[in-house]
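In: here is the input, now give the coordinates:
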Amino acid sequence: MATLLMIGTAKGLFLARRDGAGQPWDVSVPQFPMTGVYAVGIDPRGEQPRLLAAVDSSHFGPSVAVSDDLGTSWREPDHAPVAFPADTDTSLTRVWAFAPGHEDGVVWAGTQPSALFKSTDGGQTFELVRSLWDHPHRTQWGAGFGGQAIHTILPHPADPDRVVVAMSTGGVYRTTDGGRSWSPGNVGIKAYFMPDPWPEFGQCVHKVARDPANPERLYAQNHHGVYRSDDDGATWTSIADGLPSDFGFAMVAHPHRGDTIWNFPLQADGRRYPVDYKCQVFRSQDAGKSWQSQSAGLPDEPFYPAVLRDAMCADNADPVGVYFGSRNGEVFASADEGDNWETVAAHLPDVLCVRAISL
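Out: Predicted coordinates for the structure are as follows:
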C-alpha cells in the first residue's frame, strides 16, 4: 500500500511518498519555498484525497492552497481565503489547523489569533464562526510561547452538532448545538502558572486527540499535564503516571483501535529537550494507564530537538504507520505502530507539522 506524507517546514512543504512498507521514500524538493507551512491537512472524502496547506509568506501574508492530484499541482486563490471581517478590527497571523467536517465539503480551520473558521467548499473559502469569536471569554484568552491560536479541531464523528476545539492559551471549548454556543471544558486540567491553578478557562492546552473507537474519549497534552476525558471534554483526569515527564506537545490517537495513543515527552517547559536527551516515543495501549518507550531504530546518540504539537501523526493503514518530525529537520516513520522506526528524511528545515495517508 502506497503512503503519502506531507511535511510542513519553516521553509516550505515537502512531500514524501513510497510504494509500500520497506520501500524507499522519495522526498520532493520544497514546494512553496521559503514560506512557513504551519498546518497541513488531508481530506480523504472525495474520489481523490484533497491536500490543504497553510502557507505563510513574509511578503504576501498567509493563504491556503489546495491540491486534488496529491500535490502535483496546487490552487491558491488571488484573495485571502481566511480573513477576519472588517468589523473585527483584526488581521490573520496564520492558520494553525485543518479538520474535515461532518458534512461533505465542510473543512474547519483554526487560526492565530484564536478563531475558528468554516469552509463549505472543501477549503477554498472560509467564514468566521462568530459565535466563538464573540464568546465573552475571548478577550481574556492569552498567548502561549508560540502565540495565541486554535490548534485542535475535533468534530464528533457521530453527531454533526458536536465539535471540540483547543487553544493555547484558553483551553478546551465545546459546542453541542452546531456552533450556536460554546462552553469551556477544562474541569480537571491544571494551570499551575495562574493564581487559581484550576480555572474555568485559561489553560495552555498543547494538543487534544479523539479516540475513534470511543468518540466520547479524548486525550490531552497540556503545558505540564497529560489527561484523559471520558465525557467528550466535560471533565479530565491525569494519565501522566508512567511517563518520564508530563510536558510535551504531541498527542496522537490510533485511528482504528481504541485506547492506543502516542506521545513525545520533553523534560520541562524551561528545558525543551527530550527526556534523558533520548529520542523516544511513548505508547499507551490501555488509555493511559501504562506507557511503553518505543525507540528501536531511532538515533542512539544524545538527541536535543523538540517535536511540535502537529509534528506527529498516524496514517490510516493496518498496521498503522506513525510519523514524527523534529526541529532539526529529521523525519521518522514506523510501519508497525511504533515498534520499529526508520528515517524518512534528514537535514530539512525546522519541521512544523506532518500528516499522512495510505493510498
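
In: what's the distance between the most centrally placed residue in the chain and L352?
Out: With distances taken as Cα atoms, centre = their mean, the residue of the chain nearest its centroid is D310 (3.6 Å). For D310, the distance to L352 equals 7 Å [Cβ to Cβ, to the nearest Å]. All C-beta spots, glycine's among them, are computed from the backbone N, C-alpha and C.

In: joint contacts of the two?
Out: Shared contacts of D310 and L352, defined by Cβ atoms under 8 Å, 6 or more residues apart in numbering, comprise G8, Y38.

In: quick one on the thing from earlier: for the residue nearest to the centre of the chain, list each beta-bridge partner.
Out: C353 (DSSP bridges).

In: number of residues surrounding S326?
Out: For S326, the number of neighbouring residues by other Cβ atoms under 10 Å comes to 24.

In: need the contact partners of stretch 180-197.
Out: By Cβ under 8 Å, 6+ apart, stretch 180-197 touches 131-132, 135, 137, 164, 171-175, 198-205, 220, 222-225, 227, 229, 232-238.

In: dump the residue contacts of F282.
Out: L243, P244, W262, N263, F264, P265, W291, Q292, S293, Q294.

In: in what helix or strand does it lie?
Out: Assigned by DSSP states H and E, F282 belongs to strand 281-284.

In: how about the helices in the stretch 201-350 of the chain?
Out: In the stretch 201-350 of the chain, no helices are found when defined by DSSP state H, counting those that start in this stretch.

In: re earlier: out of the contacts of stretch 180-197, list just those in strands.
Out: Judged by DSSP state E, strands contain the following of the contacts of stretch 180-197: 164, 171-175, 205, 220, 222, 227, 229, 237-238.

In: where's F249 relative to W74, distance?
Out: 28 Å.

In: more crowded one of the two?
Out: F249 (23 against 17).

In: any idea how far that one lies from E301?
Out: Taken as Cβ to Cβ, the span from F249 to E301 is 22 Å.

In: go on, T260?
Out: In this structure, T260 and E301 are 29 Å apart, going by Cβ to Cβ.

In: cool, K289 as well?
Out: Relative to E301, and taking Cβ to Cβ, K289 is found at 32 Å.

In: between those two, which one's more packed in?
Out: The neighbour comparison of K289 against E301 (other Cβ under 10 Å) goes to K289, with 12 against 8.

In: skip the chain neighbours and tell me the closest residue to the more buried one.
Out: In this structure, K289 finds its nearest non-sequential neighbour in I239, 7.2 Å apart by Cβ to Cβ, 6 or more residues apart in numbering.

In: surely that neighbour and A287 touch.
Out: Yes. Contact criterion Cβ atoms under 8 Å: I239 and A287 qualify, at 7.2 Å.

In: gap between F264 and T3?
Out: Counting by Cβ to Cβ, the gap from F264 to T3 is 20 Å.

In: contact partners for A83?
Out: L92, F126.

In: I meant to write D246 there.
Out: Here D246 is in contact with N222, H224, G225, V226, S238, A240, P265 (criterion: Cβ under 8 Å, 6+ apart).

In: mind running it again at 7 Å?
Out: Under the criterion of Cβ atoms under 7 Å, 6 or more residues apart in numbering, the neighbours of D246 are H224, G225, V226, A240.

In: and for V95?
Out: Y38, A39, A54, P62, V64, V82, A109, T111.

In: over to L132?
Out: L116, Y173, W182.

In: then W25?
Out: W25 touches A16, R18, V344, counting by Cβ under 7 Å, 6+ apart.

In: F201 against G171, yeah?
Out: Yes. Between F201 and G171 there is a contact at 4.9 Å, judged by Cβ atoms under 7 Å.

In: looking at those two, which has the bigger crowd around it?
Out: Shown here are F201 and G171; by other Cβ under 10 Å, G171 has more neighbours (26 against 21).

In: so what sits opposite the more buried one in the bridge?
Out: Counting by DSSP bridges, G171 forms beta bridges with M167.

In: how about the contacts made by it?
Out: Going by Cβ under 7 Å, 6+ apart, the list of residues near G171 reads P184, N186, I189, F201, G202, Q203, V205.

In: kindly reformat the residues you listed as a markdown table containing distance to C279.
Out: Formatted as a markdown table, the contacts of G171 follow (distance: Cβ to Cβ, whole Å):
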| residue | distance to C279 |
| --- | --- |
| P184 | 35 |
| N186 | 32 |
| I189 | 28 |
| F201 | 35 |
| G202 | 33 |
| Q203 | 28 |
| V205 | 25 |
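
In: no further questions, thank you.
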